[in-house]
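Colleague: Here is my input, please return the structure:
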Amino acid sequence: MIKGIPTFNKLFTTTSDVVINSVDLSKPMSTLWEEYGTPKVAYSLRDITGQNKVAVRVRKGVYDENDPPAEGDYEKDFRVSELTDGTLEEWVGSGAGYVETWYDQVGSIYHDPQNITGFLMRGVTNPTTLNGEWYKNGSNQGKPIWKHEVNTNLRIIWNGSHWLMRVASGTIYFRSSVDTDYPFHKDNVWVAESGSYTGTPTFHSFDGGWYDPTAGEGGMLTQDSETFQPLIVSNGTYLGEIDFDDNPSDETRDRLNSHFTFNLNPSHGNHLSIFTVAAFDKNAGELVDGNHKNQVFLVNQAPLEAGDIFHRMVFDNTGKYKFTLNDGSDEVSIGSGPVDYGDNSYHVFSTIIYNATPTGPRARGENYVDGGDYKDRKNLNSIHSTVGEDTLYSAPANPFLGKVKELIIYESSQYISRNKIEDKIISYYR
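Modeller: Down below sits the predicted model:
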C-alpha cells in the first residue's frame with residue numbers, strides 16, 4: 001500500500017489522503033511507445049518507460065549563494081522508484097520539497113550542446129557575480145563561447161586545451177581539467193586560478209532541452225527561481241503529484257518553463273496529440289472585476305497585444321478545458337463541452353489535431369476528456385504557424401493553479417490510437 005498519493009476512481013476524484021491498493025507504479029508503458037511511436041516528450045511521476053529514469057530534481061530549504069550547501073544537501077535528482085520508496089521523503093525531512101526540474105523521460109536529447117541556449121551557474125562563493133545566467137555568444141575553435149547575461153565582460157571560452165572562465169582578454173577565474181564538448185560536462189572539474197575565489201561551479205541548463213542522463217542534470221521543464229517552484233513534498237509527505245500555488249494573492253505563483261518549440265501549423269500538415277493528467281479548481285484564479293482569471297496550462301508564447309500569435313491550453317473559470325490556436329489573424333478554440341471539470345478532480349484531457357477526410361478540411365481538432373467521445377470538434381484549415389519561441393508551461397499572468405501528474409505530447413496525429421492511449425493512461429490511475 002502506498003499512502004498519501006491521490007488516485008483516480010471511476011469519476012477521477014482525488015483527496016489528499018487516499019490509500020492505493022491497486023496501482024502498480026512500476027508497470028512500464030514501453031508498449032505505448034512500441035505500439036504508437038515515441039512521443040516528443042513524456043513528463044510523469046511514474047516509470048513511464050520501464051527504465052526507472054530520473055523523474056524530478058527537488059530542492060529543500062532556502063539557498064544562500066553566499067553560503068552554498070554541499071552538493072546534494074540542497075537539491076537532488078530522484079529516480080521514479082525513489083519517489084515512492086521513502087528516499088525522497090527521508091531526504092526532504094519534515095518540511096517541503098519543491099520541483100526545480102521535471103525531466104522528460106523520453107530523453108531524446110543527450111549531450112548536445114547545440115541545443116542549449118542558456119544555463120545557470122551556482123556554487124561560487126567569491127565573487128558571487130560569477131553566479132547567474134550564461135548564453136552562447138559566438139564560437140572559438142569549434143566550441144561555443146558563453147557570455148554572462150549581466151556581467152557581459154565575463155566569458156567561458158575554450159583555449160585549445162582548457163575551458164577558461166575569465167574576464168574577456170583578462171583575468172582567469174577558473175580553469176577546467178577535462179577536454180569536453182561543453183564546459184558543464186559531468187566529467188569536468190573546475191580549478192580556481194585566483195587567490196580568494198572558492199567553491200566549485202555547478203551548472204544547470206534551463207533552455208534548449210539539454211539532459212545528461214548519467215549525471216541527471218539539465219531537463220526539459222524547469223524553473224530555477226525558487227519563488228516559482230511547485231510542491232512535490234508537503235510536511236514531509238510525498239504528494240504523488242506536482243502542486244502549483246493556488247493562492248491568488250501571491251504574486252509569485254508557481255510555474256515551470258519548458259524547452260521544446262510548440263510551433264503548430266495544422267493547415268500545412270503539422271499535427272499534434274496532447275495527453276494531460278491534471279486537476280484544477282475553477283475558483284482558484286485571481287479575481288478581476290468579480291470573475292476568476294482563466295488558468296493557462298501551456299502556451300508557446302504569452303500574447304501581450306491584440307494580433308499576437310499563440311497556441312495554448314486553458315482551464316477557464318467555468319470549469320472548462322480548451323485548446324486555443326491563434327495565428328494573429330484567425331483563432332480557433334476547441335472546448336470540452338458543457339461539463340464543469342473545475343472541481344479539483346483529476347481527469348485525462350486530450351487534444352488531437354489530425355488529417356481530416358480527403359474531401360474535408362486540411363486538418364481537424366478534437367478535445368476529449370477521460371477517454372470518452374469527443375467534446376468539441378473544429379476545422380483548422382485557416383490556422384497557420386505561430387513561429388513561437390520556447391514553450392512556456394503555465395503563463396505568469398494567467399498561471400495554472402492546479403495539480404498535474406503527467407504530460408505526454410506527440411508531434412503527430414494519434415487520432416486512430418487516441419482511445420487506446422487514453423485507456424492505458426487511465427488504467428494506471430484507477
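
Colleague: For stretch 138-154, list every residue counted as buried.
Modeller: Of all the residues in stretch 138-154, those buried under the rule 16 or more other Cβ atoms under 10 Å are 143, 144, 145, 146, 147, 148, 154. Just so you know, the C-beta spots here come from the backbone N, C-alpha and C atoms, and that holds for glycine as well.

Colleague: next one: it to chain centre, how far?
Modeller: 26 Å (Cα atoms, centre = their mean, to the nearest Å).

Colleague: before we move on, what about stretch 345-354?
Modeller: With Cα atoms, centre = their mean, you get 17 Å for stretch 345-354.

Colleague: Would you mind extracting the C-alpha trace of it into PDB?
Modeller: Listed next in PDB are the C-alpha coordinates belonging to stretch 345-354 (Å, rounded to 0.1, in the frame of the first residue of the first chain):
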ATOM      1  CA  SER A 345     -10.700  16.300  -9.500                       C
ATOM      2  CA  TYR A 346      -8.300  14.500 -11.800                       C
ATOM      3  CA  HIS A 347      -9.100  14.000 -15.500                       C
ATOM      4  CA  VAL A 348      -7.300  13.000 -18.600                       C
ATOM      5  CA  PHE A 349      -7.600  15.900 -21.100                       C
ATOM      6  CA  SER A 350      -6.700  15.100 -24.700                       C
ATOM      7  CA  THR A 351      -6.300  17.300 -27.800                       C
ATOM      8  CA  ILE A 352      -5.900  15.600 -31.200                       C
ATOM      9  CA  ILE A 353      -5.100  17.600 -34.400                       C
ATOM     10  CA  TYR A 354      -5.200  15.300 -37.300                       C
END
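
Colleague: follow-up on the earlier one: of the buried residues of stretch 138-154, just say which sits nearest to residue 78.
Modeller: Taking Cβ to Cβ as the measure, residue 78 lies nearest residue 146 of those, at 28.5 Å.

Colleague: which residues pair with the closest one across the strands?
Modeller: Going by DSSP bridges, residue 146 is paired in beta bridges with residue 136, residue 156.

Colleague: tell me the contacts of it?
Modeller: By Cβ atoms under 8 Å, 6 or more residues apart in numbering, the residues touching residue 146 are 119, 134, 135, 136, 137, 155, 156, 157, 183.

Colleague: again, but for residue 129
Modeller: 150, 151, 154.

Colleague: From residue 75, how far off is it?
Modeller: For residue 129, the distance to residue 75 equals 22 Å [Cβ to Cβ, to the nearest Å].

Colleague: With residue 330 instead?
Modeller: Distance from residue 330 to residue 75, by Cβ to Cβ: 44 Å.

Colleague: More neighbours: which of those two?
Modeller: In this view residue 330 and residue 75 are compared by other Cβ atoms under 10 Å, and residue 75 has more residues nearby, 21 against 14.

Colleague: Got the phi and psi for that one?
Modeller: Residue 75 adopts backbone torsions of phi -140, psi 150, taken as degrees, to the nearest 10.

Colleague: just checking, residue 421 is part of a strand?
Modeller: No: checked against DSSP: H, G, I helix; E, B strand; the rest coil, residue 421 lies outside a strand; its state is helix.

Colleague: And the strands in the stretch 1-150 of the chain?
Modeller: For the stretch 1-150 of the chain, strands defined by DSSP state E, counting those that start in this stretch occupy the ranges 2-3, 19-20, 41-44, 54-60, 75-79, 97-102, 118-124, 132-140, 143-148.

Colleague: what's the answer for the stretch 301-430 of the chain, then?
Modeller: Counting by DSSP E, counting those that start in this stretch, the strands of the stretch 301-430 of the chain are 310-315, 321-326, 331-334, 347-355, 363-369, 376-379, 390-393, 403-410.

Colleague: Which secondary structure element of the chain has the lowest mean pLDDT?
Modeller: strand 19-20 (a mean of 26; mean pLDDT, DSSP states H and E).

Colleague: show me where pLDDT drops low in the stretch 1-150 of the chain?
Modeller: 1-34, 62-72, 107-120, 122-128 (pLDDT under 70).

Colleague: Look at residue 345 and say how many residues are nearby.
Modeller: 17.

Colleague: I figured it hits residue 279, correct?
Modeller: Yes: at 5.7 Å, residue 345 counts as touching residue 279 under the criterion of Cβ atoms under 8 Å.

Colleague: gap between residue 42 and residue 346?
Modeller: Counting by Cβ to Cβ, the gap between residue 42 and residue 346 amounts to 18 Å.

Colleague: likewise residue 58?
Modeller: Distance, residue 58 to residue 346, using Cβ to Cβ: 22 Å.

Colleague: what does residue 83 give?
Modeller: On the measure of Cβ to Cβ, residue 83 and residue 346 end up 17 Å apart.

Colleague: do the same with residue 294
Modeller: 20 Å.

Colleague: Can you name the residues that contact residue 94?
Modeller: By Cβ under 8 Å, 6+ apart, the contact list for residue 94 reads 235, 236.

Colleague: ah, wrong one, I meant residue 310
Modeller: Neighbouring residues of residue 310 by Cβ under 8 Å, 6+ apart: 299, 300, 301, 302, 303, 324, 326, 386, 388.

Colleague: Find the nearest non-adjacent residue to it, please.
Modeller: residue 303 (4.7 Å; Cβ to Cβ, 6 or more residues apart in numbering).

Colleague: now swap in residue 324 and tell me
Modeller: Nearest one to residue 324, counting by Cβ to Cβ, 6+ apart, is residue 333 at 4.5 Å.

Colleague: which ones are touching residue 332?
Modeller: 324, 325, 326, 365, 378, 379, 380, 382, 383 are the contacts of residue 332 under Cβ under 8 Å, 6+ apart.

Colleague: confidence score at the residue lying closest to the third one once chain neighbours are set aside?
Modeller: If the residues on either side of it in the chain are set aside, residue 326 comes closest to residue 310, at 5.3 Å by Cβ to Cβ, 6+ apart. The score at residue 310 is 86. That number is its pLDDT.
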